[in-house]
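Trainee: predicted coordinates and the sequence they were generated for:
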Amino acid sequence: MNHLRALCFLAVMAFAAAALGQAAAKPAATPTPAPTIGGVIDREISILEREFVSAAEAMPDDKFNFAPASLNINGSDYKGVKTFAEEVRHVAATNFQLWSPVTGEKPPIESSEDNGPPQLKTKAEIIKYLKDSFAFGHKAAQSLTSERAALAMVPNPFGQGQTTKLFCTSFAVAHAFDHYGQMVEYLRMNGIIPPASRQQ
Amino acid sequence: MNYLRTLCVCSALFFSVGVWAQAATKPAAPTLAAEIDGQLSTLEKEFVSAAEAMPDDKFNFTPGGLNIAGSDYKGVKTFAEEVRHVAASNYILWGAVTGDKSPIASTDTNGPASLKSKAEIIKYLKDSFAVGHKAAQLLTVENALGQVPRPSGKGQWTKIYAVTFAIGHAFDHYGQMVEYLRMNGIVPPASRQQ
């Protein structure tokens, strides 16, 4: 993340959190709703969604299956790493996996593949799947209407036992940002500046 | 994140919350502090090990130096700057909750420029995570939605937002560092076969 990107990122974050900050400064005719944990997580999902979807959309159709191994960088080790398309599909599939126990809804496509449903091949199909996963995320976050709801237990989406709704909802954000960071590099390898890092 | 890496991350995360699932008789009630601190520990483990995996003589590596045909790496951070930037941001975001300040004052987005060696930067990083754990452990259902000043100094946001945003922010840079490592033939520790 270069300086501009850092500034933009913090500005977006600040904007996203502005409703909370404005509560004290802005006189309102009606009381501003008190912040909730669900509201906080939902804002983080919105910021992630904006950055992640714009990065996914920035990769041209004909480079959507790009993998760094194809560059043959001298001395590099890119054995077995995901293609750009697999990064996006993996995050969307993981979003569904983490957020569906919170909403109680099933993902639109069942898949046990780490890289998500392989039948989704085109950029358009994969981006639709990604966007649909974020709709799930917003619904999950908004269901955390109280601290008690946030700490309610749900089945562990990755195995045995249980975990909390808060964990499922918030960890998906952290997980996706990891892959976003990788996608940023894939874009730059192809001469594409990630939209969140561009000059306004 | 490859399949192995995903499994490792998920295993680590669920290990951190596993005490609830394992207690057959009377599981300890989950707390906000434990939930967030568990994620922070996972981040710390991955991030610090990635930072440590880059050799001293490549710590200032930047992809621009590879001259990849058709790439655009103008003005991007070096590996050292990625680490220092995250550590400095950690101090700002988590320090707002704990009241701790960075031991070295800096307004540089890449953190204190006086820290140059790998050893100095990694110590600064590890110290920032100590502040993070303190911040996470302070969170309760009563205070998590309490307000703290935003880094810009204008307005406020909630404590839980400051703590969790730092985690997402650091994972973004971790993803970039993973690529920097692989460009140098180094498989990130979290992605290695056990």
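Mentor: Arrived safely. Residues are numbered from 1 along each chain as shown, chains lettered A, B, ... in the order given.
Trainee: can we go C-alpha only for contacts and neighbour counts from here?
Mentor: Fine.
Trainee: strands of chain A, start to end?
Mentor: A:153-155, A:162-164 (DSSP state E).
Trainee: what is the burial count for the nearest residue to B:D37 once chain neighbours are set aside?
Mentor: Nearest non-adjacent residue to B:D37, counting by C-alpha to C-alpha, 6 or more residues apart in numbering or on different chains: B:A136, 5.3 Å away. Look at B:A136: counted by other C-alpha atoms under 10 Å in any protein chain shown, it has 27 neighbours.
Trainee: how much space between B:A136 and B:I36?
Mentor: Remark: distance between B:A136 and B:I36 (C-alpha to C-alpha, to the nearest Å) = 6 Å.
Trainee: common neighbours of the two, please.
Mentor: Shared contacts of B:A136 and B:I36, defined by C-alpha atoms under 8 Å, 6 or more residues apart in numbering or on different chains, comprise B:V163.
Trainee: who's in contact with stretch B:102-118?
Mentor: So stretch B:102-118 is contacted by A:3, A:6, B:56, B:59, B:80-82, B:84-89, B:91-92, B:95, B:121, B:128 (C-alpha under 8 Å, 6+ apart).
Trainee: hmm, I was thinking of stretch B:170-179
Mentor: Stretch B:170-179 is contacted from outside by A:1, A:174-175, A:177-182, A:184-185, B:43, B:47, B:50-51, B:79, B:82, B:86, B:187-188, using C-alpha under 8 Å, 6+ apart.
Trainee: one step back: out of the strands of chain A, which comes closest to B:G153?
Mentor: strand A:162-164 (33.3 Å; C-alpha to C-alpha).
Trainee: figure out how far that closest one is from the centre of its chain.
Mentor: Here strand A:162-164 is found 20 Å from its chain centre; the criterion is C-alpha atoms, centre = their mean, to the nearest Å.
Trainee: which other helices and strands does that strand contact?
Mentor: strand A:153-155, helix B:3-22 (3 or more C-alpha pairs under 8 Å, 6 or more residues apart in numbering or on different chains; DSSP states H and E).
Trainee: I'd say A:L48 and A:F177 touch.
Mentor: Yes. Counting by C-alpha atoms under 8 Å, A:F177 is a contact partner of A:L48 at 7.1 Å.
Trainee: pLDDT (mean, whole number) over stretch A:67-80?
Mentor: Per-residue pLDDT over stretch A:67-80 has a mean of 96.
Trainee: now what about that stretch, what contacts it?
Mentor: The contact list for stretch A:67-80 (C-alpha under 8 Å, 6+ apart) reads A:81-84, A:186, A:189, B:2, B:66, B:68, B:182-187.
Trainee: would you map the helices across chain B?
Mentor: Using DSSP state H, the helices of chain B run over B:3-22, B:32-53, B:79-98, B:118-138, B:159-183.
Trainee: is it possible to get a markdown table of those that adds mean pLDDT?
Mentor: A markdown table is the format used below for those (pLDDT from 0 to 100):
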| stretch | mean pLDDT |
| --- | --- |
| helix B:3-22 | 44 |
| helix B:32-53 | 97 |
| helix B:79-98 | 97 |
| helix B:118-138 | 98 |
| helix B:159-183 | 98 |
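Trainee: tabulate the ones you listed in JSON lines, adding columns for distance to A:F136.
Mentor: Shown next, in JSON lines, are those (distance: least, C-alpha to C-alpha, whole Å):
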{"stretch": "helix B:3-22", "distance to A:F136": "20"}
{"stretch": "helix B:32-53", "distance to A:F136": "21"}
{"stretch": "helix B:79-98", "distance to A:F136": "28"}
{"stretch": "helix B:118-138", "distance to A:F136": "27"}
{"stretch": "helix B:159-183", "distance to A:F136": "19"}
